[in-house]
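**Student:** below: sequence and its predicted model.
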Amino acid sequence: MTSAFPRGAAFAAAIALFTGTAFAAGLPLGITEVDNAGLPDVGDEWLTENPYRDAGHDVWVRAIEVGESAFTQNCARCHGLGAISGGLAPDLRMLQAADYDDEWFTERFQQGMTQGGITKMPAFADVLSQKTAWAIRTYIETRPDDQAVLTESAALKDLRDELDQWAKGEGTPDDEAMKTKLDDIATRIPTLSGAPVADSVAFHAASQLDGTPASYGKAAETLTVGLSVHN
């Protein structure tokens, strides 16, 4: 099987162009391990397939949480917040959620990339654990198609405003109806990786509702922050 993700010489050139500039400009690397408690151990030998992809809902959700933290702290400076590339670094959301791109990911994560004796991408395996690596992979592959989010932005803003009212004690809260509306929108927001479920703002906000004003405020904030990333 082949991947739609641009690998090989073209991909290496794209990384060299962007990260080479970042290192040359003297930007601090500052790679930081994160709290990955709650993720199943994966052993000492590096795997070639994402162990968290089909490990059950709770593990999947925790992997996304850990992956988001690790990606934001260590990867976003080159690959963009939310893994949305600014155009210079490769768009990692295009990596397919399949074993062949898992294998490519883990190899590049472990070894990094050098060119002419100059580090263009660090070897993250020296400082980040395999658990964190696969959490990052899970986070990347569940990123939503930002254009699909934009298409749904008006409807999501309306729901955000309604949730904000509920959080203030106004209106008549109806959790089930709200979850249904958010879930319906979530089904229309795909991933770019081919993963079956996108951790979109709609999906995430729906999961936060528990019938309390605090949860309404939290879900409204999730929608506000999430929509700002995609605008």
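**Tutor:** Done, it's in. Residues are numbered from 1 along each chain as shown.

**Student:** any idea how far residue 35 is from residue 54?
**Tutor:** 23 Å (Cβ to Cβ, to the nearest Å). Placement of C-beta: from N, CA and C, glycine included.

**Student:** ok, how many other residues are close to residue 86?
**Tutor:** Other residues within reach of residue 86 by the criterion other Cβ atoms under 10 Å amount to 11.

**Student:** ranges for the helices of this structure?
**Tutor:** For the chain, the helices defined by DSSP state H occupy 8-24, 57-74, 76-79, 99-111, 130-141, 146-151, 153-167, 175-187, 201-208, 213-230.

**Student:** quick one: low-confidence ranges for the protein?
**Tutor:** Using pLDDT under 70 as the threshold, the predicted model of the chain has low-confidence ranges 1-29, 230-231.

**Student:** domains in this structure, by residue range?
**Tutor:** Under the assignment named as automatic domain parsing, the residue ranges that make up the domains of the chain are 8-29+45-141, 146-230.

**Student:** which one of the ones you listed lies nearest to residue 39?
**Tutor:** The closest of the domains of the chain to residue 39 is domain 8-29+45-141. By Cβ to Cβ, the value is 4.9 Å.

**Student:** what sits against residue 167?
**Tutor:** The contact partners of residue 167, by Cβ atoms under 8 Å, 6 or more residues apart in numbering, come to 213, 214, 216, 217, 220.

**Student:** between the residues you listed, which sits nearest residue 189?
**Tutor:** Residue 189 lies nearest to residue 220 out of those, by Cβ to Cβ, at 18.2 Å.

**Student:** quick one on the thing from earlier: and of the contacts of residue 167, the nearest to residue 179?
**Tutor:** For the contacts of residue 167, the residue nearest residue 179 by Cβ to Cβ is residue 216; the value is 11.8 Å.

**Student:** residues touching the closest one, list them.
**Tutor:** For residue 216, the contacting residues are 163, 164, 166, 167, 173, 209, taking Cβ under 8 Å, 6+ apart as the criterion.

**Student:** which of these has the most neighbours?
**Tutor:** The residue in those with the most neighbours, by other Cβ under 10 Å, is residue 163 (28 neighbours).

**Student:** so it makes contact with residue 181?
**Tutor:** No - judged on Cβ atoms under 8 Å, residue 163 makes no contact with residue 181 at a distance of 10.5 Å.

**Student:** can you report phi and psi for residue 37?
**Tutor:** Note on residue 37: its backbone torsions stand at phi -60, psi 140 [degrees, to the nearest 10].

**Student:** for burial, what's the neighbour tally of it?
**Tutor:** The burial count for residue 37: 8, using other Cβ under 10 Å.

**Student:** same check on residue 172?
**Tutor:** Here the number of neighbours of residue 172 (other Cβ under 10 Å) works out to 7.

**Student:** ok so, going back, now the contacts of residue 216 as CSV including distance to residue 128?
**Tutor:** CSV is the format used below for those (distance: Cβ to Cβ, whole Å):
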residue, distance to residue 128
163, 36
164, 37
166, 40
167, 37
173, 42
209, 33
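
**Student:** farthest-apart pair in those residues, please.
**Tutor:** Spatially, the most separated pair among these is 164 and 209, at 13.3 Å (Cβ to Cβ).

**Student:** identify the residues contacting the residue lying closest to residue 168 once chain neighbours are set aside.
**Tutor:** On the basis of Cβ to Cβ, 6 or more residues apart in numbering, the spatially nearest residue to residue 168 that is not a chain neighbour turns out to be residue 213, at 7.7 Å. With contacts defined as Cβ under 8 Å, 6+ apart, residue 213 is in contact with 166, 167, 168, 169.
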